[in-house]
Structures are given as structure tokens and as C-alpha cells.
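predicted model follows, preceded by the sequence.
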Amino acid sequence: MSTTIKHNTDQQRYEISVDGILAGFTEATEDDSDVVVFPHTEIFDQFEGQGLASQLVGGALDDVRVRGKKVRPVCSYVVRFIEKHRDYADLVA
């Protein structure tokens, strides 16, 4: 199983694909500020239970860090992910 994460700026979200098939996304809305809002994360039914949400959110947060931005986690999954993985806590605006 090969997974890839990409930032789809046109749809304002990060997407995770498994073997080239879109498996889910986390919305990542941005405006002119340096804050990325994460309002919703979704993994499609046929891909649940494979740890993809964790990979997706971790990859998205890594990208936000590289781009020098902060996050506003609204999605309950993203909130719990950051609480569990404290090395991302510094990204919270």
C-alpha cells in the first residue's frame, strides 16, 4: 500500500491517496493571515481503520510548519491529534 499526501490549494484541503485513489481529505482554509484553519477531516468508508487520518493530519501539519504558518484546529480530530502529538502544539495560533 502506497500513500501520498498533497496540498490541493484549489480546493483548500490536503488529500491522502492510497495507490493513486483518493482516500480522504482535511480541509485547510487560508486567507491573507498566517493561520490555516482546519475545520473538517474525512476518510472515506472503504479506507477507515488504516491509520490514514493520522498520516494525513501529520503530513498537513508538517507542511504548515515548513511554510511558516500557524493553525487553528476546529476539527475535533485535528484537536485530538495535536493534544496527543505535543510536538505540534507550537503550531496552534
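It's in.

wait, residue 2 sits on residue 16?
No: with contacts defined as Cβ atoms under 8 Å, residue 2 does not count as touching residue 16, sitting 11.1 Å away. Every C-beta, even on glycine, is put in place using the N, C-alpha and C of the backbone.

contacting residues for residue 23?
For residue 23, the contact set (Cβ atoms under 8 Å, 6 or more residues apart in numbering) comprises 3, 16-17, 43-44, 47, 52.

which residues does residue 92 bridge with?
Counting by DSSP bridges, residue 92 is bridged to residue 71.

which parts of the protein are helices?
Counting by DSSP state H, the chain has helices at residues 52-66, 76-84.

output those helices as JSON lines; include the columns mean pLDDT and distance to residue 21.
Formatted as JSON lines, the helices of the chain follow (pLDDT from 0 to 100; distance: least, Cβ to Cβ, whole Å):
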{"stretch": "helix 52-66", "mean pLDDT": "98", "distance to residue 21": "11"}
{"stretch": "helix 76-84", "mean pLDDT": "98", "distance to residue 21": "21"}
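
for those helices, which one ends up most surrounded?
Of all these, helix 52-66 has the most neighbours on average by mean count of other Cβ atoms under 10 Å, namely a mean of 19.

for that one, packing partners?
Packing contacts for helix 52-66, counted by 3 or more Cβ pairs under 8 Å, 6 or more residues apart in numbering; DSSP states H and E, involve strand 3-8, strand 13-18, strand 21-27, strand 35-38, strand 41-43, strand 70-73, helix 76-84.

list just the one of those that sits closest to residue 90.
strand 70-73 (8.8 Å; Cβ to Cβ).

distance from that closest one to the middle of the chain?
11 Å (Cα atoms, centre = their mean, to the nearest Å).

same check, this time on stretch 28-36
14 Å.

now stretch 73-85
For stretch 73-85, the distance to the chain centre is 10 Å (Cα atoms, centre = their mean).

which residues are in contact with that stretch?
26-27, 37-41, 53-54, 57-58, 61, 71, 88-89, 91-92.
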